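**Student:** no sequence for this one, just the structure:
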């Protein structure tokens with residue numbers, strides 16, 4: 001009786017023989033990240049992967065591992081090579097299939113094949129961004145301009161909307177200028193206040209220094225004098241001329 005391990009091995013072998021879903025080349029990068037598509041170039045130094053909307057390339061030093069597979073790009077090329085230029089239905093189906101696989105560039109190419117044979121094909125026109133206006137297929141830009149729209153700041157607007165947008169922009173600029181002037185005035189006032197406070201502080205410090213100095217005012221009627229120092233020189237007495245007084249007379253003489 002076969003073991004469970006043998007049974008699992010047979011199932012795996014059968015799965016390898018059964019056609020599976022389309023796979024793509026997967027390039028895993030060191031530190032995370034993965035690119036899925038078709039490897040178009042690879043050597044010892046560099047690898048290039050076509051991801052459908054373009055190609056990306058990077059150094060092999062960044063590659064951790066590569067898993068080979070059959071990509072949707074390969075399937076697209078295979079199916080496209082079998083279609084005749086006049087096969088509108090075939091190109092339409094291929095375009096829809098490519099879009100479902102995320103191959104926007106290939107889908108566009110297939111839709112352009114459809115338009116080359118059927119210029120009025122609605123599905124192809126819509127897929128390629130055309131708009132029908134008055135029975136004519138126009139590009140998005142042509143349709144906007146035909147309806148009187150103008151492009152302003154990257155958006156399509158009516159002339160009235162552009163005028164409102166411009167007026168709003170002018171008003172907004174004026175508001176910002178007024179706010180800036182008000183802020184500048186507040187800053188100037190704050191600086192003036194700070195200078196006044198600094199001047200007052202310096203004046204107070206000067207006054208305090210004057211009171212703490214040993215020179216003092218003796219009082220009303222006196223000039224500036226100094227405290228006599230202990231043991232300092234003594235001012236000599238002032239020599240004044242003698243005063244002549246009359247000789248007193250004896251009593252009764």
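**Tutor:** Yes, it's here. Keep in mind that what you see is a predicted model, and the values were worked out from it rather than measured. Residues are numbered from 1 along each chain as shown.

**Student:** the longest strand anywhere in the chain pairs with which strands?
**Tutor:** Ranked by number of residues, the top strand in the chain under DSSP state E is strand 34-42. Sheet neighbours of strand 34-42, with direction, are listed as strand 25-29 (antiparallel), strand 46-50 (antiparallel) (DSSP bridges).

**Student:** mean pLDDT added to these, as CSV?
**Tutor:** Shown next, in CSV, are those (pLDDT from 0 to 100):
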stretch, mean pLDDT
strand 25-29, 87
strand 46-50, 88
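
**Student:** possible to save those strands as TSV with mean neighbour count and distance to residue 131?
**Tutor:** C-beta: built from backbone N, CA, C; applies to glycine. Formatted as TSV, the strands paired with strand 34-42 follow (neighbours: other Cβ atoms under 10 Å; distance: least, Cβ to Cβ, whole Å):
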stretch	mean neighbour count	distance to residue 131
strand 25-29	18	38
strand 46-50	19	31
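
**Student:** nearest to residue 58, of those strands?
**Tutor:** Proximity to residue 58 (Cβ to Cβ) singles out strand 46-50 among the strands paired with strand 34-42, at 6.6 Å.

**Student:** which residues are contacting that closest one?
**Tutor:** The set of residues external to strand 46-50 that reach it, using Cβ atoms under 8 Å, 6 or more residues apart in numbering, is 25, 27, 35-42, 55-60, 63, 66, 73.

**Student:** swap in 7 Å and give it another go.
**Tutor:** With Cβ atoms under 7 Å, 6 or more residues apart in numbering as the test, strand 46-50 has contacts from 25, 27, 35, 37-41, 55-60, 63, 73.

**Student:** re the thing from before, what about the strands paired with strand 34-42, which gets the closest to residue 210?
**Tutor:** Comparing the strands paired with strand 34-42 by their distance to residue 210 (Cβ to Cβ), the top pick is strand 25-29, with 78.7 Å.

**Student:** off-centre distance for that closest one?
**Tutor:** Counting by Cα atoms, centre = their mean, to the nearest Å, strand 25-29 is centred 31 Å from the centre of its parent chain.

**Student:** contacts for that strand?
**Tutor:** Here strand 25-29 makes contact (Cβ under 7 Å, 6+ apart) with 34-39, 47, 49, 62-69, 71.

**Student:** got the domain boundaries for this protein?
**Tutor:** By the record's domain assignment, the chain is partitioned as 19-70, 73-137, 148-205 (automatic domain parsing).

**Student:** please, where are all the helices along the stretch 151-253 of the chain?
**Tutor:** Listed in chain order, the helices of the stretch 151-253 of the chain (DSSP state H, counting those that start in this stretch) span 159-212.

**Student:** output the below-cut-off pLDDT ranges for it.
**Tutor:** The stretch 151-253 of the chain contains residues with pLDDT under 70 at 213-253.

**Student:** if we use 80, what do you get?
**Tutor:** Applying pLDDT under 80 to the stretch 151-253 of the chain picks out residues 210-253.

**Student:** of the domains of the chain, which is nearest residue 211?
**Tutor:** When the domains of the chain are compared by Cβ to Cβ, domain 148-205 sits nearest residue 211, at 11.0 Å.

**Student:** tell me how far that closest one is from the chain's mean position?
**Tutor:** The chain centroid and the centroid of domain 148-205 are separated by 22 Å, computed with Cα atoms, centre = their mean.
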